[in-house]
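Undergrad: sequence plus predicted model, see below.
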Amino acid sequence: MSVVLSLCLLVSGCSSRNTRDDEAILWIHAASSLEELIRGLGDAFSEKNGIEVRYNFAGSNTLAQQIAGSRVSGIFVSADEYWTDFVVERRADVVDRAKMPFGNSLAVVTAHRSGIRSVEAPEALADLEVEYWVMGNPESVPAGRYARAWLESISLIGDDSLWAIVSDKISPTLSVRSAVAQVSRVPGSVGVVYRSDLLRFSKDLKPVYVSRSDDLPIITYYAVSLSGDYPKGGSEQRFEAFVEFLRTEPARMLIDDLGFSRPLSL
């Protein structure tokens, strides 16, 4: 189901009317890079608490702009704080917000059939013969913003940053998953994606360089709870229950297995 259609069905103007059964459903609108993790966590949370969970996945920027102009309820999980703030500033029904107890790091990847070699130090990335550097659009996609900040932090001889060296080869995409798909198809390219994407798509991608967990920027995820047309009390309780569930041992095991490291700031 498309993102637009999914959101349309959730807005009161696109459905017949809200019911008590609808109010008992927890909708989670989450960044596409989180799909496997959020589905796993949501299904486990549903089984434990008896609350039906439904999902809507797209890029954080796409979801935020659509949610900001609608009355959808549920939890919005963003890959960065910018798009969380964007929604909070435009919706009057925000119940609560929280930093998620999981994070990520960046990886430079290429297709398995590519002849591009792996390197031990990030500075050595400047010496690789690469046709395209693929990443989420640095102007709007969280993964792209993180990628640019990381590349700018890598200093080379002559006071140039790695970003300055590769910026004319950037191929921006609409989401980090789009970057994964493009790198898989173009052997002469490398992509800057999340470490969790490298683990998820290891059959298609191989690592060129994986950033350290203490490299900046620290990648964290944020969530806000939106009541929509429902009473805020129920939304607040479901949000608190979900966030609390994320700190349980079964949730922690899934978070670790899928490569979502705990943020250093938590």
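TA: All right, it came through fine.
Undergrad: pull the CA atoms of stretch 163-183 into PDB?
TA: Output of stretch 163-183 as PDB, limited to C-alpha atoms (Å, rounded to 0.1, in the frame of the first residue of the first chain):
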ATOM      1  CA  TRP A 163      33.400  15.400   1.600                       C
ATOM      2  CA  ALA A 164      35.200  18.100  -0.500                       C
ATOM      3  CA  ILE A 165      37.000  15.400  -2.500                       C
ATOM      4  CA  VAL A 166      33.900  13.300  -3.300                       C
ATOM      5  CA  SER A 167      31.100  15.900  -3.400                       C
ATOM      6  CA  ASP A 168      31.100  16.200  -7.200                       C
ATOM      7  CA  LYS A 169      30.400  12.400  -7.400                       C
ATOM      8  CA  ILE A 170      27.400  12.400  -5.100                       C
ATOM      9  CA  SER A 171      24.300  10.600  -6.400                       C
ATOM     10  CA  PRO A 172      21.500  11.600  -4.100                       C
ATOM     11  CA  THR A 173      18.500   9.300  -3.500                       C
ATOM     12  CA  LEU A 174      15.000   9.700  -2.000                       C
ATOM     13  CA  SER A 175      15.800   7.300   0.900                       C
ATOM     14  CA  VAL A 176      18.600   5.200   2.300                       C
ATOM     15  CA  ARG A 177      16.900   2.000   1.000                       C
ATOM     16  CA  SER A 178      16.900   3.600  -2.500                       C
ATOM     17  CA  ALA A 179      20.700   4.100  -2.100                       C
ATOM     18  CA  VAL A 180      21.000   0.400  -1.200                       C
ATOM     19  CA  ALA A 181      19.200  -0.600  -4.400                       C
ATOM     20  CA  GLN A 182      21.200   1.700  -6.600                       C
ATOM     21  CA  VAL A 183      24.600   0.600  -5.200                       C
END
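Undergrad: what are the buried residues along it?
TA: Residues of stretch 163-183 classed as buried by neighbour count (16 or more other Cβ atoms under 10 Å): 163-166, 170-180, 182-183. For every residue, glycine as well, the C-beta is placed using N, CA and C.
Undergrad: check the burial of the nearest residue to S184 once chain neighbours are set aside by counting its neighbours.
TA: Leaving aside its sequence neighbours, S184 sits nearest to D204 (Cβ to Cβ, 6 or more residues apart in numbering; 4.4 Å). Neighbourhood size, D204 [other Cβ atoms under 10 Å]: 16.
Undergrad: what residues does S33 make contact with?
TA: 79, 104, 143, 175-177, 194, 196-197 (Cβ atoms under 8 Å, 6 or more residues apart in numbering).
Undergrad: what's the spacing between it and Y209?
TA: Taking Cβ to Cβ, to the nearest Å as the measure, S33 falls 19 Å from Y209.
Undergrad: ditto for A111
TA: A111 is 15 Å from Y209, by Cβ to Cβ.
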